[in-house]
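Student: This is a predicted model, with the sequence first.
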Amino acid sequence: MFALVSLEKIQLPVGAVVRLPATWQDYQSLCQQRGGNSIPRIKYQDGEVLLMSPLPKHGRDAHLIANIITVLLDYVGREYDAFTPVTMELPEESGIEPDYCFYIDHWEAVSGKERIDWSVDPPPDLVLEIDVMSYSDVNDYLPYQVPEVWLYRKKQLCIYQLQGTEYLAQTQSQYFPDINLQDIVARCFEVTYDRNTSAAIRELKQRLG
């Protein structure tokens with residue numbers, strides 16, 4: 001098995017993804033070496049690690065859609081908790097870092113907790129992933145049984161819901177069944193890239209009334 005020695009020896013240009021064979025111990029070592037930094041993103045699955053150094057676009061897009069979600073949750077009167085950055089781990093099986101995760105139906109289960117035990121506590125109800133460089137995969141969340149995953153890829157919002165043992169694409173979110181998310185997201189991105197995120201969110205709030 002290939003041994004990962006240090007992050008310093010891994011060439012990872014900005015905007016790149018590196019895939020390497022690794023053990024669970026290698027993955028944990030890399031996470032420890034990174035310390036409190038959020039870069040590079042590190043994912044473990046099926047005996048390998050994936051490292052990604054995100055572009056500024058990645059963070060901007062994630063921040064925008066997360067803001068859209070919080071505005072909509074406030075609009076429909078739902079209580080929630082949100083986390084970023086956060087590392088989800090199932091020892092020897094999976095390690096992943098979603099861009100944002102939201103507890104909506106189960107916010108009370110994690111209220112006030114400083115740590116979440118992913119083998120015991122409920123998973124997030126909604127996870128957001130921005131895929132700029134083919135790093136993200138909705139099936140990464142199968143081990144955790146996340147009910148709904150939003151994947152933003154190629155300027156398109158894809159909504160997946162867990163049905164049994166697989167994720168199926170949906171046209172609507174279970175949390176916003178009467179809201180045209182595709183229209184809202186497209187308009188917010190148009191305003192954001194014409195002006196900025198704050199202008200897009202202000203317009204969305206005015207539109208919702």
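Tutor: Arrived safely. Residues are numbered from 1 along each chain as shown.
Student: Following element in sequence after the lengthiest strand in the chain, please.
Tutor: Longest strand of the chain, by residue count under DSSP state E: strand 156-163. Counting by DSSP states H and E, the next helix or strand C-terminal to strand 156-163 is strand 166-170.
Student: What are the boundaries of the strands in this structure?
Tutor: Counting by DSSP E, the strands of the chain are 17-21, 41-45, 48-52, 81-83, 88-90, 94-96, 100-103, 126-131, 148-153, 156-163, 166-170.
Student: Show me what the fourth one pairs with in its sheet, parallel or antiparallel.
Tutor: Sheet pairing of strand 81-83 (DSSP bridges) gives strand 100-103 (antiparallel).
Student: What are the contacting residues of the partner strand?
Tutor: 62, 65-66, 69, 73, 80-84, 86, 88, 109-110, 122, 124-128, 146 (C-beta atoms under 8 Å, 6 or more residues apart in numbering). Heads up, the C-betas are built off the backbone N, CA and C, glycines and all.
Student: Convert the C-alpha atoms of that strand to CSV, please.
Tutor: Extracted as CSV, the C-alpha positions of strand 100-103 are listed here (Å, rounded to 0.1, in the frame of the first residue of the first chain):
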residue,chain,number,x,y,z
TYR,A,100,-22.5,23.0,4.0
CYS,A,101,-24.8,20.7,5.9
PHE,A,102,-28.2,21.6,7.4
TYR,A,103,-30.1,20.0,10.2
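Student: quick one: buried residues of that strand?
Tutor: 100-103 (16 or more other C-beta atoms under 10 Å).
Student: Run the chain-centre distance for the helix or strand of the chain with the lowest mean pLDDT.
Tutor: Within the chain, confidence by mean pLDDT, DSSP states H and E is lowest for strand 17-21 among all helices and strands, at a mean of 88. Relative to the chain's own centre, strand 17-21 is displaced by 19 Å; criterion: C-alpha atoms, centre = their mean, to the nearest Å.
Student: Just the C-alphas of it, formatted as PDB.
Tutor: Only the C-alpha atoms of strand 17-21 are listed here, as PDB (Å, rounded to 0.1, in the frame of the first residue of the first chain):
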ATOM      1  CA  VAL A  17      -7.700  17.200  -7.700                       C
ATOM      2  CA  VAL A  18      -5.200  14.500  -6.700                       C
ATOM      3  CA  ARG A  19      -6.200  10.900  -6.100                       C
ATOM      4  CA  LEU A  20      -3.900   8.500  -4.300                       C
ATOM      5  CA  PRO A  21      -4.100   5.000  -2.800                       C
END
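Student: show me what contacts C188?
Tutor: Residues in contact with C188 (C-beta under 8 Å, 6+ apart) are 64, 68, 200-201, 203-204.
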